[in-house]
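# Model the structure of this input:
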Amino acid sequence: MAFDIEMIKKVYGRYEERVNAARKLVNKPLTLSEKILYTHLWDGNATETYDRGVSYVDFAPDRVAMQDATAQMALLQFMQAGRPQAAVPSTVHCDHLIQAKEGAQVDLQRANTESKEVFNFLGSVANKYGIGFWKPGAGIIHQVVLENYAFPGGMMIGTDSHTVNAGGLGMLAIGVGGADACDVMAGLPWELKFPKLIGVKLTGKLSGWTSPKDVILKVAGILTVKGGTGAVVEYFGEGAISMSCTGKGTICNMGAEIGATTSTFGYDESMERYLRATDRADVADAANAIKEHLTADAEVYAHPELYFDQLIEINLSELEPSLNGPFSPDLYTPVSRMREEAAKNGWPTKVEWGLIGSCTNSSYEDLARAASIAKQAVDKGLVTKAEFGINPGSEQVRYTADRDGLLKNFEDLNATIFTNACGPCIGMWDRVGAEKQEKNTIVHSFNRNFAKRADGNPNTFAFVASPEIVAAIAISGDLGFNPLTDTLTNANGEQVKLDPPTGDELPEKGFAVEDAGYQAPAADGSSVVIDVDPNSDRLQLLAPFAAWEGTDLRGLKLLIKAKGKCTTDHISMAGPWLKYRGHLDNISNNMLIGAVNFFNEKTDSVKNQLTGEYGPVPATQRAYKAAGIGTIVVGDENYGEGSSREHAAMEPRHLGVRAVLVKSFARIHETNLKKQGMLGLTFANKEDYDKIQENDTIDILGLTEFAPEKPLTLVLHHADGSHDEILANHTYNAQQIEWFKEGGALNIIRKNQVK
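Numbering: from 1, shown residues only. Predicted coordinates for the structure are as follows:
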């Protein structure tokens, strides 16, 4: 039986009434995305229509999910909200703090020792506040959510950008910062700008070497890393129906890489099969009872051009396997052109590692299809030219795959089976030799491939592909290898060709597991005591941020003018820094150390205007803070893309940065800045970015009349005595302006609780 089945039945019980109310109000057929949005309005049945991409709307998500790295800060904030228990079903999943090095058994034991303090903290907070806890080794949050909690037509938020994975089961699942999660767990509405809608019509059917991963790699190539910003991507068509539930999850998962708010598919038989296979027949039965409301109205898919803001059509029968990269998940190259593109761009073609797993591709079907390639290699006398690593998505997947011999197929090729955790996908990989920073190539089935992302080496060229293509290329050791046409030389000197992959959508014998790793909270957690050692370097209780002083901000120093791509990885790196995710002051020592300084083309090297010397970004900012001087950060396009980590907003706030001014923001990061009481501004004229000089002192004027849709004025005082005035836009609504004035959204929650 499913977790929270009564909650799901309650949601379904009101579905028809709310869908009908919305359809009558907007006076047109509804997309699936609109149905889910309108059925989750905070105020109940729809009473007004909303403008896509314009209207801010309050929603009531059904549940919250948090992974261990982000849960620390989310729960530290929730502890200040003064609530006795989480208001909606919520879970914590320990998947980020386990480093991949030697293999599952050794690595998990080491993580349980090194991060015992953090795991105990998360477990005790979960126990106290009625939150489900998934222990280290239980699996990757998004695979575990898909197996246990996701349900068609639901809405959830999660403190990880790849929360969107649950769209594979027909949800609107949205990545947020911890402050948003705190709001929902505290019983407050969750605010989101009503999204635009992108429709992707899938015709034909996948076959041969082509997989669902290739669909999203193609979409990423079309839309780029910011083409989905502010939009929900809704997939439909005969091609969508023909795919497995976990395949749909893969596509939705990487929607985070195009900046989409989330992605989803309509409820169909593949979802029903998956629900029943994962012991949720009760959810399947309940969904079947209202299935007409769990997909778009028929007219929408018959004439999609009338109902979506943008429409893309992909014929799966003609789609070719591809690899995206290096250094950006939208750089699309079909396998047939990779040898040519690698030669043209100077990409190293010798492949050092093939990595399969991450929340994007770690299902049973993923492992089965890749394992079929591994088995072929052994049977045909091939030896893997690259090293090979596997991260199963959950203990249930791992146990079942082991029972069915899939893991043995990998082990026969000397693959290392890592823990059921994120591992190399998020930089938690102790890769031998990475410190040498040698130029090299890896292929993986992960979602992101930013510089330094996997192993900390800026010279690792990482390419994203499906698990089966990763397996084939790892076996060949050649980035340019095309398994559709090329042959390999086996141990006997014979030329052999790999056959297309095969693999069951779901295990023929059903899923099995001895200990899934779930720990239920106490029925009454009021007596649970949460202790945080004041001398800990891993955990630190939060103090409220200061409220706005009520004046314009004058005399701000330029901290850094970031050049080019500046993701949340650049602003707050993961990898070894994950250990400090619960200690705001310690983790602030990684603030912006990956950003490229426009003025010297270096990372972690900025000018301290107080001394005239260059030094690390965090140390320079701490010097300004000690002197009582505020600062401003300037950035380029799509600033803050990537992970949802709110540390990228909290660290500047903690160290005294007052504003971030950029050409454009990624959605989650802009929201995170607002939640923490920061100013997130955009150039009214993007060319004004060029007016920012290294020694500038900057005033922000108009804050005493701060209002929605009213630009602010910035005065740039240059070192030569001249100055420029520029306009800065913002997207703050009235409520968000109050967050700024009060010093952060949490301060308002705390104040209301005291009342």
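# Quick check on residue 232: phi, psi?
Reported as degrees, to the nearest 10, the phi and psi values for residue 232 are phi -100, psi 130.
# For it, which residues count as its bridge partners?
Under the criterion DSSP bridges, residue 232 forms beta bridges with residue 197, residue 262.
# phi, psi of residue 555?
Backbone torsions of residue 555, given as degrees, to the nearest 10, read phi 70, psi 20.
# Do a quick rundown of the strands in the stretch 1-150 of the chain.
Counting by DSSP state E, counting those that start in this stretch, the segments of the stretch 1-150 of the chain that form strands are 56-59, 63-67, 90-93, 132-134.
# need the contact list for the spatially closest residue to residue 66 that is not a sequence neighbour.
Of all residues beyond its chain neighbours, the one nearest residue 66 is residue 159 (4.5 Å), with distances taken as Cβ to Cβ, 6 or more residues apart in numbering. Yep, even glycine has a C-beta here, placed from its N, CA and C like the rest. Under the criterion of Cβ atoms under 8 Å, 6 or more residues apart in numbering, the contact list for residue 159 reads 64-67, 70-71, 74, 175-178, 180-181, 644, 646.
# Give me whichever of the strands of the stretch 1-150 of the chain is most buried.
Looking across these with neighbours counted as mean count of other Cβ atoms under 10 Å, the highest average goes to strand 63-67: a mean of 29.
# Keeping just the C-alphas, turn it into PDB.
Written as PDB, here are the backbone C-alpha positions of strand 63-67 (Å, rounded to 0.1, in the frame of the first residue of the first chain):
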ATOM      1  CA  ARG A  63       4.100  17.000  -0.200                       C
ATOM      2  CA  VAL A  64       7.800  18.100   0.300                       C
ATOM      3  CA  ALA A  65      11.000  16.100  -0.300                       C
ATOM      4  CA  MET A  66      14.500  17.100   0.800                       C
ATOM      5  CA  GLN A  67      17.900  15.600   0.200                       C
END
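# Given that strand, what are its sheet partners and their directions?
Next to strand 63-67 in the sheet, as set by DSSP bridges, lie strand 90-93 (parallel), strand 155-158 (parallel).
# quick revisit: which ChimeraX command selects the buried ones in the contacts of residue 159?
Selecting only the buried entries of these in ChimeraX, with 16 or more other Cβ atoms under 10 Å as the criterion:
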select :64,65,66,67,70,71,74,175,176,177,178,180,181,644,646
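# any idea where the strands of the stretch 251-400 of the chain begin and end?
With DSSP E, counting those that start in this stretch as the criterion, the stretch 251-400 of the chain has strands at 262-265, 310-315, 322-324, 332-334, 351-356, 387-390.
# Relative to residue 691, which of these is closest?
Closest to residue 691 of those, according to Cβ to Cβ: strand 310-315, at 33.4 Å.
# how near is residue 742 to residue 76?
Going from residue 742 to residue 76 by Cβ to Cβ, to the nearest Å gives 18 Å.
# Output the lowest mean pLDDT helix or strand found in the protein.
Least confident helix or strand, the chain: helix 745-754 with a mean of 77, by mean pLDDT, DSSP states H and E.
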